[in-house]
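Novice: Could you work out the structure for the sequence below:
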Amino acid sequence: MRNIWVLTKKELAIYFYSPLAYVIITAFLLLSGYFFYQFVAGIADATALRYVLEFIGFISLIISPMITMRLLAEEKKSGTLELLMTAPITETQVVVSKYISSLLFFIALIMPTVAYVILLIFWGKPDLGAIICGYLGLICLAGVFLSIGLFVSSFTSNQIVAVIITFVILLIGWVIGWAGEFFREQWWKDIFKYIGFFEHFDAFRKGLIDSRDFLYCFSLIIFFLFLTVRIVESRRWK
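Specialist: Sure thing, here's the model as predicted:
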């Protein structure tokens, strides 16, 4: 556990030393702030934050590949991954620490948006339970996105390739739930909705807590982290 914490702090420090991190933070806050203003002005309702969270969820789909693109791809390109593997740490510790650091960076990214909640509290009477649930869903959704991005970063040394592949996978996962509408059978529709990211996030956004949504996110995170560990392990024997 100590090794994971040390590696996590190192990875987190690299994020905040990078100019790209501040570009991402600035762009994210400007976009989310603009849409918060537009939704509040247009809807004039305390439920406007639900739509803001939906927008942030989609923006997370775009930002996540940028957050994870360098995690393993850069290590492979520079040759430091092999050097890291000679240290007294396991592949699992390396992968988990990189994943935790990316998730902590994402949480730091969305923390300033709590100001929107404070403004709504002064402006009206928002449902704080639903808002907390929405943020929880946003973190779960980002957790899935980041695990996929880390997985893609593990089998390429090109960061641009990692961004493009991750974005395509996430975009397919976002829209695939609507593909079920092309089928007449209800069971097909239910399958596609369950596979897609949006349906699970939408439940959180509406203030609904369902253990199936947690299981869905947790299972995907564990699955992609497991695959990433296997890929990193395979490099030890090359």
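
Novice: could you dump the strand or helix carrying Ile4 to CSV, C-alpha only?
Specialist: Assigning secondary structure by DSSP states H and E places Ile4 in helix 2-17. Taking Å, rounded to 0.1, in the frame of the first residue of the first chain, the C-alpha atoms of helix 2-17 are listed here in CSV:
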residue,chain,number,x,y,z
ARG,A,2,2.9,2.4,0.8
ASN,A,3,4.3,1.8,-2.7
ILE,A,4,1.0,2.7,-4.3
TRP,A,5,0.7,5.9,-2.3
VAL,A,6,4.3,7.0,-3.1
LEU,A,7,3.7,6.3,-6.9
THR,A,8,0.3,8.0,-6.8
LYS,A,9,1.8,11.2,-5.3
LYS,A,10,4.5,11.2,-8.0
GLU,A,11,2.0,10.8,-10.8
LEU,A,12,-0.3,13.4,-9.3
ALA,A,13,2.6,15.9,-9.1
ILE,A,14,3.5,15.3,-12.8
TYR,A,15,-0.1,16.3,-13.7
PHE,A,16,0.2,19.6,-12.0
TYR,A,17,3.7,20.3,-13.3
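
Novice: in it, what's buried?
Specialist: Ile4, Leu7, Thr8, Glu11, Leu12, Tyr15 (16 or more other C-beta atoms under 10 Å). Where C-beta positions appear, they are placed from N, C-alpha and C, glycine not excepted.

Novice: Just want the phi and psi numbers for Met69.
Specialist: When read as degrees, to the nearest 10, the backbone of Met69 gives phi -60, psi -30.

Novice: just Leu208 next, same as before
Specialist: phi -100, psi 120.

Novice: The closest residue to it other than its chain neighbours: neighbour count?
Specialist: Spatial nearest neighbour of Leu208, chain neighbours left out: Cys133 (7.3 Å); criterion: C-beta to C-beta, 6 or more residues apart in numbering. Residues contacting Cys133 under the criterion other C-beta atoms under 10 Å number 19.

Novice: Show residues contacting the helix holding Ile4.
Specialist: Here helix 2-17 makes contact (C-beta atoms under 8 Å, 6 or more residues apart in numbering) with 21, 67, 71, 88-89, 93-94, 96-98, 100-102, 104-105.

Novice: Report the secondary structure element holding the residue nearest to Leu208.
Specialist: Going by DSSP H and E, Cys133 is in helix 128-154.

Novice: State the three-state secondary structure for the residue located most distally from the centre of the chain.
Specialist: Centroid-distance maximum for the chain: Arg184 at 32.5 Å, with C-alpha atoms, centre = their mean. Assigned by DSSP: H, G, I helix; E, B strand; the rest coil, the conformation of Arg184 is coil.

Novice: State the distance from it to Phe151.
Specialist: 35 Å (C-beta to C-beta, to the nearest Å).

Novice: next one: Ile176
Specialist: The value you get for Ile176 to Phe151, if C-beta to C-beta is used, is 18 Å.
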